[in-house]
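Undergrad: Need a 3D model of the sequence below.
(one chain, ligands or ions: 1)
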Amino acid sequence: MGDARESLHWNAEAIWEAVAPGLPGFSVEILPEVDSTNSELMRRARGGRCEPGLLVAERQTAGRGRMGRDWQSDTSGRTGSLTFSLGMVLEPQSWSGLSLVAGLSVAQALHPELRLKWPNDLWWRDRKLGGILIETASFGPLRYVVVGVGINIAPVHPPGLATPAAALQELRPDVDAPQALGAVVPPLVAALQEFAVHGFGVYQAAFSQRDALSGREVFTSDGTAGVARGVDATGALLVHTAAGVIHVSSAEVSVRPAPAGTSLL
Ligand code: BTN
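TA: A predicted model of the protein is given here:
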């Protein structure tokens, strides 16, 4: 049996043709292996390389997730997962809600049933299908933003995970990693550019339609318990608690059964 990598076809040219006219200087690079596509673009940015570009890795050896966690994905290099980062200079009036816009764009590009677990986890039927890690580097007066996206493509059942992660091929058996990349990147670039001009407000309604937490009991890492009621115009999560409505902009949020005796609004 041949190596599955031989049959991979990353249609870098089609992505470049779709994106470059609206983003001069844009490049597409596919690497067989890197520690982390986010780390690589951030290293380049710190070295003064801030041209817009897409970096895809068939295999990450040290993928990173939000809140300092690892991002475990298919390490065989056979693209059971899609891992890429998009880097570009953005000059929005406010950065609030950027991560929600990125998640929304990816979800919209992939499937109508995908939901967003605030701020930007991609969920399908309450299982995580993908995640997004956003980092920025200052570049003189400008900021270079790196949007890293990890999507499970083929179902896997890693030992130790009580609930197996969701995978795109459960919804779209015909779609492989290169096809998912081609579907996701051009609208993601457009969404980031649109965000830079108009901010999060224009995405608030669309986010609500895919909000996986709406009406559910949630707990935040800073100790708040309540019911999630959508997001405000800055993208902050609204949590109704016994003490009133709290606007959560940076905590980690989990959904789990309330401990006995906890009263939720
Ligand atoms: C999360 O859910 O915690 C975010 C996961 C983000 C993973 C992607 S994979 C491509 C890019 N490179 C990384 O090291 N992380 C992001």
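Undergrad: Just the helices from the stretch 1-150 of the chain, written as ranges.
TA: All helices of the stretch 1-150 of the chain, identified by DSSP state H, counting those that start in this stretch, fall at 12-19, 37-46, 98-110.
Undergrad: tell me which parts of the stretch 1-150 of the chain are close to the ligand?
TA: Contact residues, the stretch 1-150 of the chain versus the ligand (C-beta under 6 Å from any ligand atom): 36-38, 60, 63-66, 69, 71, 83-85, 121, 131-133, 148-150. C-beta coordinates here come from the backbone N, C-alpha and C atoms, glycine included.
Undergrad: circling back to that earlier point, could you dump the helices of the stretch 1-150 of the chain to CSV with distance to Glu217 and mean pLDDT?
TA: Shown next, in CSV, are these (distance: least, C-beta to C-beta, whole Å; pLDDT from 0 to 100):
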stretch, distance to Glu217, mean pLDDT
helix 12-19, 41, 98
helix 37-46, 32, 97
helix 98-110, 21, 98
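Undergrad: residues contacting Gly235?
TA: 96-101, 119, 200, 204, 207, 249 (C-beta atoms under 8 Å, 6 or more residues apart in numbering).
Undergrad: re the thing from before, okay if I get the helices of the stretch 1-150 of the chain as CSV plus distance to Thr79 and mean neighbour count?
TA: Formatted as CSV, the helices of the stretch 1-150 of the chain follow (distance: least, C-beta to C-beta, whole Å; neighbours: other C-beta atoms under 10 Å):
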stretch, distance to Thr79, mean neighbour count
helix 12-19, 14, 17
helix 37-46, 13, 21
helix 98-110, 15, 24
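Undergrad: Generate JSON lines for these, with distance to Val184 as supplementary columns.
TA: Shown next, in JSON lines, are these (distance: least, C-beta to C-beta, whole Å):
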{"stretch": "helix 12-19", "distance to Val184": "10"}
{"stretch": "helix 37-46", "distance to Val184": "14"}
{"stretch": "helix 98-110", "distance to Val184": "5"}
